[in-house]
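Student: Generate coordinates for the sequence data below:
(one chain, ligands or ions: 2)
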Amino acid sequence: MPHDARAVTALRRIAFLLELAQEPTHRVRAFRRAADVVSALTADELEWRIREGSLQQLPGIGAVTALAIIEAQRGEAPGYLRRLESTEGRSVADHAATLRAALRGDCHTHSDWSDGGSSILEMAEAARSLGHEYVALTDHSPRLTVAGGLSRERLRQQLEEVRRLNLRPAPFRILTGIEVDINEDGSLDQEDGLLDRLDIVVASVHSKLRMPREQMTERMMTAVANPLTNVLGHCTGRIIVGRGRPPSEFDAETVFEACRRFDVAVEINSRPERLDPPKRLLRLAVEAGCRFAIDTDAHAPGQLDWQMVGCERAAACGVAADTVINTLSATNLVAWADRA
Ligand SMILES: [Zn+2]
Ligand SMILES: [Zn+2]
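Tutor: Ligands and ions are numbered 1, 2, ... in the order given. The predicted structure follows:
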């Protein structure tokens, strides 16, 4: 009978934070494995092993994990966990919670009009129940056929649908938008006139992610310099689960400098398989003075709650709330995006 020992919670939390910090997989696994071992014990056996000092006789429990278990069962926060949770005396968790509380919406989500699993209304209601004031609907553009990218005609229909849904009397707004593909030459995969009608334009690279560094830099710079672009989506395109996908190569300093100059927000993508940009790049973007969008890229209602992951990464990299565009009200966000 599994039990919810404090040690299990602490070990899993450590694994989670190590993952967030992009520590090597084997370290993360060591803590997850230890959590599994402890949760398979009865409460009595756990207590007895702590008393006898025999935790390390269990497979998968070493000196470090044993100490964390003992501390957690004593009711203390394990030293290992405390070190992970604070940087330079300031708690990352506190900063992350402050950021999360400041967020008023999400700028990157998908519905079943492209490759999402739920209707626009379901996504909007889930966003609202999380306390959001708005959600931007950013389905894919035509070239991403595998993800059901919207043709011009479909996008026009969607705009009509959103207009209709926004007639509902609620202090909540669905913002129109798109996750538009950045073509190989840096142009955007939708008509300018149509992009201009949208509240928010997220531009992302989805094809030819392995192009040479110089070409990729040029491609991204062209998209960032486009006055219709508001947010640079998941900038490296990396995938960190399963077989994974390495990050694209580009001159990040140059691209982030362009983001700052053209006032394009760098997305902090909260999807667990993306966590993009990596922290090293995120810190670079902070230093460059960029704005950010902490987005979920949700393809289903439950995924809208992933924002906290992005907040933790943002906090760990020193992103200030007033540089995050989705701390703005819907009106101010749309006004910012409409500067073109
Ligand atoms: Zn994307
Ligand atoms: Zn997306």
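Student: May I have the secondary structure class of the closest residue to ligand 2 within the stretch 51-200 of the chain?
Tutor: Nearest residue of the stretch 51-200 of the chain to ligand 2, counting by CB to the ion: residue 179, 4.5 Å away. Every C-beta, even on glycine, is put in place using the N, C-alpha and C of the backbone. Assigned state for residue 179: strand (three-state reduction, DSSP: H, G, I helix; E, B strand; the rest coil).
Student: ok, it to residue 51 distance?
Tutor: Distance check for residue 179 against residue 51: by CB to CB, to the nearest Å, it reads 56 Å.
Student: For the two, indicate the residue with more neighbours.
Tutor: Taking other CB atoms under 10 Å, residue 179 and residue 51 do not tie; residue 179 has more neighbours (31 against 8).
Student: got a pLDDT number for the most far-flung residue of the chain relative to its centre?
Tutor: Note on the chain: the largest separation between a C-alpha and the mean C-alpha position, by CA atoms, centre = their mean, falls on residue 52 (43.7 Å). Note for residue 52: predicted pLDDT of 93.
Student: Hmm, residue 106 and residue 132 touching each other?
Tutor: Yes: the pair residue 132 and residue 106 passes the contact test of CB atoms under 8 Å, sitting 6.3 Å apart.
Student: wouldn't residue 318 be in contact with residue 285 here?
Tutor: No: applying CB under 8 Å, one finds residue 318 not in contact with residue 285, separated by 10.4 Å.
Student: Between the two, point out the one with more neighbours.
Tutor: Neighbours of residue 318 and residue 285, each counted by other CB under 10 Å, are more numerous for residue 285; the result is 27 against 16.
Student: Are we agreed that that one is in a helix?
Tutor: Yes: read with three-state DSSP, residue 285 is one of the residues of a helix.
Student: List the contacts of residue 10.
Tutor: Each residue near residue 10 by CB atoms under 8 Å, 6 or more residues apart in numbering is listed here: 68-69, 71-72, 77-78, 81.
Student: Would you indicate which residues of stretch 170-178 are buried?
Tutor: If you call a residue buried by 16 or more other CB atoms under 10 Å, then stretch 170-178 has these buried ones: 172-178.
Student: Next, give me the two most distant ones among those residues.
Tutor: Using CB to CB, the pair of these lying farthest apart is 172 and 178, separated by 20.3 Å.
Student: just to revisit the earlier point, what separation is there between the residue of the stretch 51-200 of the chain closest to ligand 2 and residue 195?
Tutor: On the measure of CB to CB, residue 179 and residue 195 end up 12 Å apart.
Student: so where's the stretch 51-200 of the chain uncertain?
Tutor: For the stretch 51-200 of the chain, residues meeting the criterion pLDDT under 70 lie at 86-90.
Student: And the strands in it, which stretches?
Tutor: All strands of the stretch 51-200 of the chain, identified by DSSP state E, counting those that start in this stretch, fall at 86-87, 90-91, 105-109, 134-137, 173-181, 200-204.
Student: Need these in JSON lines (columns: distance to residue 166).
Tutor: Below are these laid out as JSON lines (distance: least, CB to CB, whole Å):
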{"stretch": "strand 86-87", "distance to residue 166": "41"}
{"stretch": "strand 90-91", "distance to residue 166": "39"}
{"stretch": "strand 105-109", "distance to residue 166": "14"}
{"stretch": "strand 134-137", "distance to residue 166": "10"}
{"stretch": "strand 173-181", "distance to residue 166": "6"}
{"stretch": "strand 200-204", "distance to residue 166": "15"}
